[in-house]
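Chemist: My questions are about this predicted structure, shown below with the sequence.
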2 protein chains.
Amino acid sequence: MHQPQTGFVIWFTGLSGAGKSTLSHRVGEELQRRLAHVEVLDGDEVRTHLSKGLGFTREDRDTNVLRIGFVSKLLARHGVAVLVAAIAPYADTRQRVRQGIERFVEVHVDCPLEELEARDVKGLYARARRGELEHFTGISDPYEAPASPEIRVDTSRHSPDESVAMILRWLEQHECIPAVRDAALADR
Amino acid sequence: MHQPQTGFVIWFTGLSGAGKSTLSHRVGEELQRRLAHVEVLDGDEVRTHLSKGLGFTREDRDTNVLRIGFVSKLLARHGVAVLVAAIAPYADTRQRVRQGIERFVEVHVDCPLEELEARDVKGLYARARRGELEHFTGISDPYEAPASPEIRVDTSRHSPDESVAMILRWLEQHECIPAVRDAALADR
């Protein structure tokens, strides 16, 4: 199986409910077909292992993001393709993480706030609007959207399949992953 | 270069000043000659990245050790040889870390307390005896020595060179690392 010398980190940033977890897991599954070493670090899961006790102040969020960045860097420098799904709302904290990592791919999982509030799968936006959740990104806490991410997907306009395809195409074009030969063509 | 499918974790446990950092770095250098992917996680360094703000109560120590264990597990399952130098004073916390890791090699870096107090390179034991340092392992905090570690080295009786050689021999015998061919013999 193809295994590049250097790994890379794909960081899915965006508001709650935009689709970061879904896309990171979907892309992770695709990468596992093409690479020997893939690891998905989902923000919610990782918080329990790395950042139990931290809250959602700016300082605590930064500590959490930098910790995930530290672990991602360790994995990537040993050839692992790391997919991180974490809001990471502050631009300069994302920048600090990027600086430590040789190949860093920022994916802005974009979706208009109105759409997210309309979906509100977990009911969190309604609770945040009622003031029941403090420090809720997009409502009572800032989100600094990436100015020039490597990839931007708009999940209000594209299906998960389309977004996954867009991300894989980018990774192929930038030689992070090998292109998959078309099975039909290969059979001729 | 030889690269096993599965990595492993070598955890150097022992009292402050016993030689955990020295041995982990020395063994790490040797492994780097034989394996493609080696990572040394030194307790003191790692604390700043993973556990800033944690203290030395039992709960905080456990959190720190489990976090290092989590990161080690991630690296090892992608084929990395991970060397950890961290006191990890509680036997059942070390046991919890071990359970998550396929190949776990516990190295007890042993040295009598009297010898460590006599050396006291950093003056920490004297300060702990004067009551200036709370929760100091071996003085005011417990250290549960491993009952049956994979390897035990006594740094009061063996030089660093001898301890490193003993650890490498064990790793060769258990096929964690390839044996190095004797250069003189290979040249015949």
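Modeler: Yep, that arrived.
Chemist: Output the contacting helices and strands for whatever helix or strand A:Val40 lives in.
Modeler: If you go by DSSP states H and E, A:Val40 is part of strand A:38-42. Where contact means 3 or more C-beta pairs under 8 Å, 6 or more residues apart in numbering or on different chains; DSSP states H and E, strand A:38-42 is packed against helix A:20-34, helix A:58-76, strand A:81-85. Every C-beta, even on glycine, is put in place using the N, C-alpha and C of the backbone.
Chemist: same question for the longest one, mean pLDDT?
Modeler: Mean pLDDT, taken over the full extent of helix A:58-76, equals 96.
Chemist: buried residues in that helix?
Modeler: Of all the residues in helix A:58-76, those buried under the rule 16 or more other C-beta atoms under 10 Å in any protein chain shown are A:61-76.
Chemist: which among the residues you listed are in contact with chain B?
Modeler: A:Thr63, A:Leu66, A:Arg67, A:Phe70, A:Val71, A:Leu74, A:Leu75 (C-beta under 8 Å from any C-beta of the partner chain).
Chemist: so who does the closest residue to the fourth one other than its chain neighbours touch?
Modeler: Going back to what we said before, that points to A:Phe70. Spatial nearest neighbour of A:Phe70, excluding adjacent residues (C-beta to C-beta, 6 or more residues apart in numbering or on different chains): B:His49 at 4.5 Å. Neighbour list for B:His49: A:Leu66, A:Arg67, A:Phe70 [criterion: C-beta atoms under 8 Å, 6 or more residues apart in numbering or on different chains].
Chemist: ok, now with 10 Å
Modeler: Going by C-beta atoms under 10 Å, 6 or more residues apart in numbering or on different chains, B:His49 touches A:Leu50, A:Thr63, A:Leu66, A:Arg67, A:Gly69, A:Phe70, A:Val71, A:Lys73, A:Leu74, B:Leu41, B:Arg67, B:Val71.
Chemist: how about those residues in CSV, adding distance to A:Val82?
Modeler: Listed next are the contacts of B:His49 as CSV, based on distance: C-beta to C-beta, whole Å:
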residue, distance to A:Val82
A:Leu50, 14
A:Thr63, 19
A:Leu66, 15
A:Arg67, 13
A:Gly69, 10
A:Phe70, 12
A:Val71, 8
A:Lys73, 9
A:Leu74, 9
B:Leu41, 17
B:Arg67, 17
B:Val71, 12
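Chemist: between these, which is nearest A:Pro146?
Modeler: A:Gly69 (15.2 Å; C-beta to C-beta).
Chemist: Quick check: the closest one touching A:Arg94?
Modeler: Yes: using C-beta atoms under 10 Å, A:Gly69 is in contact with A:Arg94, at 8.7 Å.
Chemist: the strands in chain A, which residues?
Modeler: Per DSSP state E, chain A carries strands over the ranges A:8-13, A:38-42, A:81-85, A:104-110, A:151-154.
Chemist: any chance of the ones you listed in CSV, with mean neighbour count and mean pLDDT too?
Modeler: Below are the strands of chain A laid out as CSV (neighbours: other C-beta atoms under 10 Å in any protein chain shown; pLDDT from 0 to 100):
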stretch, mean neighbour count, mean pLDDT
strand A:8-13, 27, 98
strand A:38-42, 21, 96
strand A:81-85, 27, 98
strand A:104-110, 22, 98
strand A:151-154, 19, 98
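Chemist: what about these, which gets the closest to B:Leu124?
Modeler: Nearest of those to B:Leu124, taken as C-beta to C-beta: strand A:38-42 at 35.6 Å.
Chemist: Quick check: residues of chain A near chain B?
Modeler: Contacts of chain A with chain B, taken as C-beta under 10 Å from any C-beta of the partner chain, map to A:3, A:5, A:7, A:36-39, A:41, A:46, A:48-54, A:59-60, A:63, A:66-67, A:69-75, A:77-82.
Chemist: Could you rerun that using 7 Å?
Modeler: For chain A, the residues in contact with chain B (C-beta under 7 Å from any C-beta of the partner chain) are A:37, A:39, A:49-50, A:52, A:63, A:67, A:70-71, A:74-75, A:78-80.
Chemist: Spit out the contact partners of A:Arg67.
Modeler: A:Arg67 makes contacts with A:Leu50, A:Ser51, B:His49, B:Leu50, as judged by C-beta atoms under 7 Å, 6 or more residues apart in numbering or on different chains.
Chemist: hmm, who's touching stretch A:100-111?
Modeler: Contacts to stretch A:100-111, defined as C-beta under 7 Å, 6+ apart, come from residues A:6, A:8-15, A:18-20, A:23, A:69, A:72-73, A:76, A:94, A:98, A:145-146, A:149-156, A:167, A:176.
Chemist: Poorly predicted segments of chain A, please.
Modeler: By pLDDT under 70, the low-scoring segments of chain A are A:1-5, A:181-188.
Chemist: what's the closest non-adjacent residue to A:Trp69?
Modeler: To be clear, residue A:69 is Gly; Trp isn't right here. A:Val97 (3.4 Å).
Chemist: show me the contacts for that neighbour.
Modeler: Neighbouring residues of A:Val97 by C-beta under 7 Å, 6+ apart: A:Val65, A:Leu66, A:Gly69.
Chemist: Quickly note the distance from A:Leu75 to A:Leu31.
Modeler: Separation of A:Leu75 from A:Leu31 (C-beta to C-beta, to the nearest Å): 13 Å.
Chemist: again with A:Ser156
Modeler: As judged by C-beta to C-beta, A:Ser156 and A:Leu31 stand 25 Å apart.
Chemist: cool, A:Gly79 as well?
Modeler: Separation of A:Gly79 from A:Leu31 (C-beta to C-beta): 13 Å.
Chemist: A:Glu115 too?
Modeler: Using C-beta to C-beta, one gets 28 Å for the distance from A:Glu115 to A:Leu31.
Chemist: between these two, who's got more neighbours?
Modeler: Per other C-beta atoms under 10 Å in any protein chain shown, whichever of A:Glu115 and A:Leu31 has more neighbours is A:Leu31, with 21 against 16.
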